[in-house]
Structures are given as C-alpha cells and as structure tokens.
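Engineer: no sequence on this one, just coordinates:
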C-alpha cells in the first residue's frame, strides 16, 4: 500500500475505542469466507489483489461504525461475498471491497487507480454517489443525478450495476437498524429502480431477495399474514414437494434421462403480486409449488416435458416455451402447470444447467475469464441494448422529475412482455401494449421513420393496434413517407420508439435549433456578466461534451435549442470546468494564500455556513464530529472536495499537524436555529444497568418528536451500560435541553458528545 495513503488514513481516522456488539461475525472470519467462495470458481490461485483491497478498505474505514453498531468494514466484505456468489471476476470483487472508500473516506478515485488499476477505479467511481450536489435540490433531484451517473458508468462497464445491486442487497438485509421513514424510502426506491434493473439483467438470485425484503417494509401486515398462512401448512407443503420430487425423479430416471430435480414454494412477493393482479386467494395460485428439472441438453428438456405431460394432466393455457422464445433478459426454460395425482396443482420448470445458471445470475453468468486474469463479457451483453439506449433518452430529458418518471416507466413496462414474429419467423419481445410503431423502430430506425402501414397476421390494421403474443407483424414502408408523426408519441410504449421519434424531429430542425441554442447560451452569459468566448475553449467544452454524451458542440447546442437541456445547466458546467482547471494549476501555497487574503465573508446556503475568504465553494459535513448550529466551528480547505466543516473540539482537528493546520479557515453559522433543517449528532450515555432505562430514554426522544437514526447499547462486565445514540437536532440549544432531560432519568452517570 502506498505510504502516502497509509499516512493520510492514520492522520484522519477517528481516535475512539467503541465496543461493538457480540452478535456479528468478525471481519477476519468474513474475509476468510470470501476467499473460500472465490476459490470455488476462480481459475487463479493469486488473490494478492483481493487481500490488498481488504487491508486498504479495513484501514480506510477504521473507526467507522454502521448503525447496527458493527464495524463498517463488514459491509464491503459482505458486498464482496455477494459478488463472489455471482462468481464475478477479481476486479469486481476488489471494487466491491473498495466501493465506499471514495464516498466515505479520504481516498480518491486517483488513489484507487494508483493502488490498483484504472479498471478498478472506474468500477468504484461508478457506484460512488455524487457528493457535491446542490442541497437546494430535493431528494428526487439528487436521486436522479446519481442514477444518471450510474447509467453512464453502466454503459462503460456493466459490472458497475452488479456491484450496486450487491451493495443495495446487503443494505436491505440490515435495514432494520434504520428509522421507519428511511426503511420505507429505501424499500420503495429498491422496488421502483433496483429490483427491476436486476430483473432486466436476469439476475433472479438478487431480484427475488430484494423483492421479499422490500415487501417486509412496504407491506408489513400483508407480509406477516401471508407468511403465517404459508407457515400454517408448511409441513404439509414440504411433504407434498418431497413426494412430487420423488415421483418426478422416478419417471425421469425410467426414461434414461440424467437430471437434477429440486422443489420449492414460490417466493413471497411473487405470490403476493399474483394474488393482487389476478384477484385470487392463496389457494387459487396454481404455481405456488414449483419443481425444477435440470438436464444437459435442449433435446432432454423436450423429452422430459413429454414424459411429464404423459404422467400428469396439464392445465390448458398454462404452458410457456421460453426456450424457443427467450425472454429479453436471456431467461430460457419450459414452464408447464399440472394437476398432481391428489388434485393439487403445481408448476414444473425444465431447463439445461447452462440455462439455470443464466436464470440465476443473468448477465453475470456470461463473464468469462482469460488466463491473463482480465475478463470479457460474452456477446450476450449485446442483448442488453437498453443500457446504451438509456444514455440517448436521458440526454433528451433535462428535467429530473421527467427523467425519473421515464426510468420507472421503462423498467416497469419491461416486467410484462409480448412476443411477436417478424415475416422471417424471428421472435421479438416488446413491452405489453406495444404497437406496430414500436415494432418498426425495434427492427431499425429507418423502418420506423418510413413506416406508412402495418399488417398483423396478414391483415391490414391501424398502426396504433396493440400487439399480442404470437402475432406475425409486417411493416409497410415508403420512400415518399414524410416521417413520423408527433401523435405517435401518444401511443408507443417502448422508450426506444419515443427516443427515435424525438431524434427525428430534432434532426429535421437541427440548424434552427443550433442557432437558438447558441443564442440562449450567449444571452444567459450576458445576464450573468460572463464573457461567452472565455468559456468556449476546447479545455472546457471537451469535458462538458463528455459529461452530457454529445459528439460535438453543435449537437449540444441543438439540444439546448429544442429545450432538451437548459442553457444555464451548460454554462454552469463550463464554469465548473474552468474553476477545476484553475484549481488544478494551483499549488497548496496558492490555495491557502488566497484563503488568508480573503476579506469578505461568504454565506453558503449548504448548511447555512459563513466561510471567510472563499466564494462559491462546496461545503461538506464529515461524519467525525457532526457539528450543529451553535457549535464553534472551523473550515478545512480540501483539494477538490470543497471546505469540510468541523467542530473546534473535533479530535481530527486537535490532532492535525502543522501542515494541515495552515488549511484551517474561519467559519460560522449563518443564522440561528432552522426548524426545517436537522443536523445529525451523536452522544454517548453512561448509566447503571437498570431494566427499562433504554425505554425511558427513547420515550424522551419520542415525546420531543426527535428522530433517532441509530442506537447501540453495550454492557460491561461490571454492569455499566453505554448507550450510543444518533439523532437529528436543529441547534445546540435543543441538544442541551435534550441532554438535561436525559440526565434526570434514574441511573444516568454521564452524557458526552462524540468528538471524532
């Protein structure tokens, strides 16, 4: 590990000796479990990079605790274990171990690249949330900006989203330690965004668990009731599955087919969704039980199907052939629902071992290893064209609310697909409710743009007709077509079709849009007393084009001209690049000198902070000391991450060396208490071990309507209790009132705020 990185970590790590709960697996044991899982599938015996990543992450996160009270390093190790269960390559495992170091510690993307590789740094950066967002944005705006960044990274490397899914899965597994509001927020976001992404990537191993975990928090009463109904007859159901396994296995063996057979009850959310959408009771769900038959070849799949249909009565209309017509997420299997010998319906899924691996791991199943240790994704990734299409249509949507709506719609419509045939007999999948227009643009942009009519199953139909699975669709085109109609946007279902139609209209008026865009940029600059020519230089325009994924400046100006992107957004981006370029050329002495020469006091909206001598800079609140209004504070000028605000009694400030102290700058709170703003702080309460003391303390918070975001209770061998509590307050006055109330509780020995 680079000595500079080690020194920085040692200088900034919080100096606290917190006891940790006894009900977690020690990080060292989890790391050994990680290595064991990797060895089961990885062709290499060299795990030095993984070991290095573990030690770097362990040191970087040293002193940090999760809300559960366990050491933070447990989270990245568990994320890496999930990735190993998906049999990902070593670079992805390493990125999983390091995925929070850029976001939550002093390490930078450049540090990761230097210590490991540009490839690992790209993966880590892809899952790192944006940290310098304007806090005037609401949560939806911030969520949208982070998703935009993730989608851009996904287009470069699909492994980014696989790491993100593993991260989200472990966070949901430990969601019980969050506040009820945060539980609902995270569960809803997962259900709307991450679970559908897992489904679209075909990673059912993750999607199923995400769904069931979310259901516990979004529909707790329904979950408990359904769980109870299933548990009430669990023994009976398990016996039924075991009996069916034995029966089916005997039939398959008699036919001379080698197969693995296992049974299961469908997962909770799948059952609930079918009950809700189909208006059925638990007893009316036909495929509540499912058997899987895994065989070697496709020929064996159909042979096994014939045997099963000979032995059991199939339910009409309940057979689906996803081998001949795979789902868009690469899923392949034969599904048939049958009536057992005792009248109990059950489902059988028949697939090859390769198909089963794809069904469980999706796109992750196609990660191939080279002897050199580098990796390639197979051509199956080409089927996930939607990842790159997202880049096209997200650039068309400057409004973040519209963008979020489009993301959710695109992922939601994918859940239900129709399968139609081309005239040549090829199978194409489209969102349910799609029209021949959607089909035309799926075939090719030129086909959609020149479409004048359509035939379904040989008959002419209106082009807005909804397609049904099994339809044979033929598109009629004409060179004399005037192009698409704006009315088409009202009937098409696929995001791809909407994007292509919008692109056509933009291209038709591109020259006018370019002029309007340039005029808008110039007018905006004049209103802000900015010289436009100073910003339109290659050093500033090139990174801006890369940020918004445009090939040239005219294309970006056309987007501004037709309203796809706001001119202020582009100018602010250019100004940001200008400042970044200027700062990059400054020495440490220049930065500190500018601060010392500053005569003005600038009020920065983020956190209501006044910083002396610096204008228009991002302000961060590190987790080490959690300042709140009323605390004496000081600013620390960082390179590239704005000014971090600390309490003057913060351990990290008190222990700074002389070099770091030259970066300290005066700061103060801009105003008094703000009832709209909460600041997270933490106190340690020391008390005698008395029954009910935690309840009495919690009651004080509840009556004061102060939200508790974390609590950890530890008892020493001498019977003394330490209660660490994290919560939100508006000011030091409110904090002082709260601590005085807690001191009146019987058995309280002392209360202190954490200082880093």
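Structural biologist: Received, thanks. Nothing here was measured: the structure is a model prediction, and the numbers come from that model.

Engineer: flag every buried residue along the strand or helix carrying residue 547.
Structural biologist: Using DSSP states H and E, residue 547 maps to helix 538-548. For helix 538-548, a neighbour-count test (16 or more other C-beta atoms under 10 Å) marks 540-541, 544, 547-548 as buried. In this view, the C-beta of every residue, glycine as well, is placed from N, C-alpha and C.

Engineer: what's around residue 649, how many residues?
Structural biologist: Residues lying near residue 649 (other C-beta atoms under 10 Å) number 14.

Engineer: for it, helix, strand, or coil?
Structural biologist: Secondary structure, DSSP: H, G, I helix; E, B strand; the rest coil: residue 649 is coil.

Engineer: which pLDDT value goes with it?
Structural biologist: On pLDDT, residue 649 comes in at 75.

Engineer: for it, give its distance to residue 627.
Structural biologist: With distances taken as C-beta to C-beta, to the nearest Å, residue 649 is found 10 Å from residue 627.

Engineer: now do residue 461
Structural biologist: According to C-beta to C-beta, residue 461 stands 66 Å off from residue 627.

Engineer: likewise for residue 275?
Structural biologist: Residue 275 sits 50 Å away from residue 627 when distances are taken as C-beta to C-beta.

Engineer: neighbour count winner among these two?
Structural biologist: Ranked by neighbour count (other C-beta under 10 Å), residue 275 and residue 627 place residue 627 first, with 25 against 16.

Engineer: what is the burial count for residue 682?
Structural biologist: With other C-beta under 10 Å as criterion, residue 682 counts 18.

Engineer: can you check residue 565 too?
Structural biologist: Neighbours of residue 565 under the rule other C-beta under 10 Å: 23.

Engineer: identify the residues contacting residue 696.
Structural biologist: 745-746 (C-beta atoms under 8 Å, 6 or more residues apart in numbering).

Engineer: and it, how far from residue 418?
Structural biologist: Distance of residue 696 to residue 418, given as C-beta to C-beta: 60 Å.

Engineer: and what of residue 101?
Structural biologist: Distance from residue 101 to residue 418, by C-beta to C-beta: 45 Å.

Engineer: ok, residue 360 next?
Structural biologist: If you go by C-beta to C-beta, the gap between residue 360 and residue 418 works out to 25 Å.

Engineer: which other helices and strands does the helix holding residue 547 contact?
Structural biologist: helix 553-561, helix 567-584 (3 or more C-beta pairs under 8 Å, 6 or more residues apart in numbering; DSSP states H and E).

Engineer: so which of the ones you listed is the most packed in?
Structural biologist: Stretch with highest mean neighbour count among the helices and strands packed on helix 538-548: helix 553-561 (a mean of 22; mean count of other C-beta atoms under 10 Å).

Engineer: ok and it relative to helix 538-548, angle-wise?
Structural biologist: Orientation of helix 553-561 against helix 538-548 (axes from the mean of the first three to the mean of the last three C-alpha atoms, to 10 degrees) gives an angle of 60 degrees.

Engineer: what does helix 553-561 rub up against?
Structural biologist: 395-396, 506, 510, 512-518, 520-521, 536, 541, 544-545, 548, 550, 565-567, 570.

Engineer: related to what we said a few turns ago, so between residue 101 and residue 418, which is more surrounded?
Structural biologist: Set side by side, residue 101 and residue 418 show more neighbours around residue 101, with 26 against 20, by other C-beta under 10 Å.

Engineer: the more buried one against residue 109, yeah?
Structural biologist: No: between residue 101 and residue 109 there is no contact under C-beta atoms under 8 Å: 9.7 Å.

Engineer: shared neighbours of the two, anything?
Structural biologist: Residues within reach of residue 101 and of residue 109 at once, by C-beta under 8 Å, 6+ apart, are residue 124.

Engineer: for the closest residue to residue 726 other than its chain neighbours, what are its contacts?
Structural biologist: Distances taken as C-beta to C-beta, 6 or more residues apart in numbering put residue 710 closest to residue 726, at 3.6 Å, once the chain neighbours are dropped. For residue 710, the contact set (C-beta under 8 Å, 6+ apart) comprises 67, 177, 682, 724-727.

Engineer: between those, which is nearest residue 622?
Structural biologist: residue 682 (12.8 Å; C-beta to C-beta).

Engineer: now the helix holding residue 547 against helix 567-584, angle please.
Structural biologist: 120 degrees.

Engineer: tell me the mean pLDDT over helix 538-548?
Structural biologist: For helix 538-548, the mean pLDDT works out to 85.

Engineer: chain center to that helix: distance?
Structural biologist: Distance of helix 538-548 from its chain centroid, counting by C-alpha atoms, centre = their mean, to the nearest Å, is 26 Å.

Engineer: which residues does it contact?
Structural biologist: Under C-beta under 8 Å, 6+ apart, the answer for helix 538-548 is 395, 535, 551-553, 556, 559, 565, 570, 573-574, 577-578, 581.

Engineer: with adjacent residues omitted, what lies nearest to residue 719?
Structural biologist: Take residue 719 and drop its neighbours on the chain: the residue closest to it by C-beta to C-beta, 6+ apart is residue 689, 4.2 Å away.

Engineer: could you do residue 313 as well?
Structural biologist: residue 339 (4.8 Å).

Engineer: how far away is the one you found from residue 275?
Structural biologist: Applying C-beta to C-beta, the value for residue 339 to residue 275 is 20 Å.

Engineer: circling back: make TSV from the contacts of residue 710 and add distance to residue 319, pLDDT and secondary structure to it.
Structural biologist: Formatted as TSV, those follow (distance: C-beta to C-beta, whole Å; pLDDT from 0 to 100; DSSP: H, G, I helix; E, B strand; the rest coil):
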residue	distance to residue 319	pLDDT	secondary structure
67	48	81	coil
177	45	87	helix
682	59	87	strand
724	58	87	strand
725	58	88	strand
726	54	87	strand
727	57	88	strand
